[in-house]
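*Asks:* take this sequence and fold it.
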Amino acid sequence: MQGTVDGFSYGVVTPLVAYLMACLGGALGLRCTTRAMLVAQSWRPAWLALGSAAIGSGIWTMHFVAMMGFSIKETPVHYDRAITFASLGLAVVMVGVGIFIVGYRGATGTALFTGGTITGLGIASMHYLGMAGLRLNGTLQYNTLTVGASVVIGVVAATSALWAAGRVRGFLWSVGASLVMGLAVSGMHYTGMAAMTVHLHHAGGTLPGDSPASLLAPMLVGPLAFLCLAAAVVVFDPMMFLGRPGRLPAEHKPGVPADEVTHHPSRRPLPRVGGRPSHRARTPQNR
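*Replies:* Residues are numbered from 1 along each chain as shown. Have a look, this model is predicted:
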């Protein structure tokens, strides 16, 4: 017997909140990735790691906020704690691989395609691993074509987001990119849910795992707190809004000794007099 699946038990509340979580994680991750491309090599891994964790936490939070509104009429739904935690780790790691590729190779060509594909597969893998953690009196089955469509949506969304992180510098443009990314990630989730059907078992009894109220609600506190912390880091960093380095090169800074300035090949050397470089005459200060 086929079960009656309801993905909107609380109406538009869970889809809307899930979308906002995806947008928040995407916005923070994109700004951190943009920041990583504007700093020295020593700081780049830290910003890329923060961006990876932000995007991974955002899409994981989006998924399980949406799952709070998921129910099957004929059977209760529980969750396996270990698999649910593993889906979070998988999301952060695979998103991180894609972001580090683009962060070091640039958002062009092969690097963008490879990084976007890995990140998109990470989003899709997180979704289906999280669904594998469901415990119910039935079996989940998926339509292969619809599952493929959901994976394509995830890859296209991730590639577009990484392209925006490498190309878009304006703050408002990045916000717009995060809104599109949130829409695509949410679309990937609900496309994947549309691919699912539930075939019920006649056996009853107590289900293993934890109920959504006892597991998901407490688990969401950690990623939400992390996203708030990452948001604070982004907000208090002025380069997030300027989109360019806040420090001028050394040769343009007043007070830097002349021997520390890098000489460019295009500049003509000063004429040498008696084996020593000549200096322009200075106007006497006291007249």
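*Asks:* shouldn't residue 208 be within a helix?
*Replies:* No. Looking at residue 208 with DSSP: H, G, I helix; E, B strand; the rest coil, it is coil, so not inside a helix.
*Asks:* residues near it, how many?
*Replies:* A count of neighbours around residue 208, defined by other C-beta atoms under 10 Å, yields 9. All C-beta atoms are positioned from the backbone trio N, CA, C, and that covers glycine.
*Asks:* for residue 182, same thing?
*Replies:* Residues near residue 182, counting by other C-beta under 10 Å: 25.
*Asks:* distance of it from residue 73?
*Replies:* With distances taken as C-beta to C-beta, to the nearest Å, residue 182 is found 29 Å from residue 73.
*Asks:* where do the strands sit along the stretch 1-150 of the chain?
*Replies:* 5-6, 71-72, 78-79, 134-135, 138-142 (DSSP state E, counting those that start in this stretch).
*Asks:* strand partners (parallel or antiparallel) of the first one?
*Replies:* By that I understand strand 5-6. Looking at strand 5-6 with DSSP bridges, its partner strands are strand 71-72 (antiparallel).
*Asks:* same check on the last one?
*Replies:* Strand 138-142 has the following sheet partners, assigned by DSSP bridges: strand 196-200 (antiparallel).
*Asks:* next structured bit after the partner strand?
*Replies:* Following strand 196-200 in sequence order, the next helix or strand is helix 212-235 (DSSP states H and E).
*Asks:* and the pLDDT at residue 14?
*Replies:* Residue 14 is assigned a pLDDT of 91 by the prediction.
*Asks:* that one contacts residue 63, correct?
*Replies:* No. Counting by C-beta atoms under 8 Å, residue 63 is not a contact partner of residue 14; they are 11.0 Å apart.
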